[in-house]
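Undergrad: pasting the structure only:
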């Protein structure tokens with residue numbers, strides 16, 4: 001019995017020492033994923049604070065229709081008093097193409113509240129495309145979550 005106990009203790013000590021002996025640096029995908037999460041959080045924060053300059057600093061110059069997008073955001077920020085923008089990080093998928101673009105797909109919901117108390121709610125699933133290296137927003141695949149739109153109503157329309 002003492003031999004078995006001694007053997008188990010010796011094995012546990014050896015396994016513990018070898019498991020903690022060296023630290024492995026994080027892989028490149030982990031670093032990119034963390035950067036994308038940081039950029040998405042920054043976009044979320046600057047959007048809710050209605051800071052157009054800070055928000056557009058995260059948008060790449062190659063973003064299609066960048067100037068009309070900026071003007072639309074300025075209109076949204078002036079029209080609505082409060083913006084609540086929620087991203088479901090637990091259901092986010094980050095796809096890192098081999099030496100290429102990075103895509104983050106997630107569910108979102110938002111509420112835009114005007115000065116008179118009127119509000120508009122919307123949500124959906126979107127994929128944000130980021131440039132390699134700079135992690136600036138390059139494109140939006142799906143319904144643009146930053147511009148309020150009439151919600152989709154299921155069923156036949158009249």
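TA: Thanks, I have the structure now. Since we're looking at a predicted model, the values are computed, not measured.
Undergrad: what ranges do the helices span in the protein?
TA: Using DSSP state H, the helices of the chain run over residues 2-19, 28-48, 52-57, 66-79.
Undergrad: how about those, which one is nearest residue 134?
TA: Residue 134 sits nearest to helix 28-48 of all the helices of the chain, at 9.5 Å, using C-beta to C-beta. Placement of C-beta: from N, CA and C, glycine included.
Undergrad: Counting by contacts, list what that closest one packs against.
TA: Applying 3 or more C-beta pairs under 8 Å, 6 or more residues apart in numbering; DSSP states H and E, we find helix 28-48 packed against helix 52-57, strand 80-87, strand 93-96, strand 102-114, strand 119-130.
Undergrad: Could I get the buried residue list for it?
TA: Neighbour counts over helix 28-48 (16 or more other C-beta atoms under 10 Å) mark 32, 33, 35, 36, 39, 40, 43, 44, 46, 47 as buried.
Undergrad: Equivalent analysis for stretch 115-132, please.
TA: 122, 123, 126, 128, 129, 130, 131.
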